[in-house]
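Peer 1: Need coordinates for the following:
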Amino acid sequence: MSKKLYVGNLGYSVSSADLEQLFARFGTVDSAQVITDRDTGRSKGFGFVEMSSDTEAKEAISALDGKEFAGRSLTVNEARPREERGAPRGRGGGGGGGRMRGGW
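Peer 2: Next comes the predicted model:
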């Protein structure tokens, strides 16, 4: 089990400090971060918390998943590794579906 947890369905007013305080009841919080939109700075409604041990992480999941916090029912589970994203589309890079120039 990972010590890193995904926390979803957060109220938009919830801060990283609020998240840390909520999870501190279950042990040592190594990090807590609410994910925000790069352009607007507004919360995206989810975040990640890293606990110092697997036991603490499991306790936090069983105690908080489905519980109400700041008016919303939380989703708390083990964070999955971020999926590799493919090359950005429409931005530079390789060929374009046309013919190659330079005559072969």
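Peer 1: Where does the prediction get shaky in this protein?
Peer 2: 1-2, 85-104 (pLDDT under 70).
Peer 1: Where does the residue most central in space within it sit: helix, strand or coil?
Peer 2: Nearest to the mean C-alpha position of the chain, by Cα atoms, centre = their mean, lies Gly47 at 4.3 Å. Secondary structure, DSSP: H, G, I helix; E, B strand; the rest coil: Gly47 is strand.
Peer 1: Quick one: residues contacting the closest residue to it other than its chain neighbours.
Peer 2: Nearest non-adjacent residue to Gly47, counting by Cβ to Cβ, 6 or more residues apart in numbering: Val34, 4.0 Å away. Where you see a C-beta, it was placed from the backbone N, CA and C, and this is true even at glycine. By Cβ atoms under 8 Å, 6 or more residues apart in numbering, the contact set of Val34 is Leu10, Val14, Ser15, Ser16, Leu19, Ser43, Lys44, Phe46, Gly47.
Peer 1: Go through those and flag which are in helices.
Peer 2: Ser16, Leu19 (DSSP state H).
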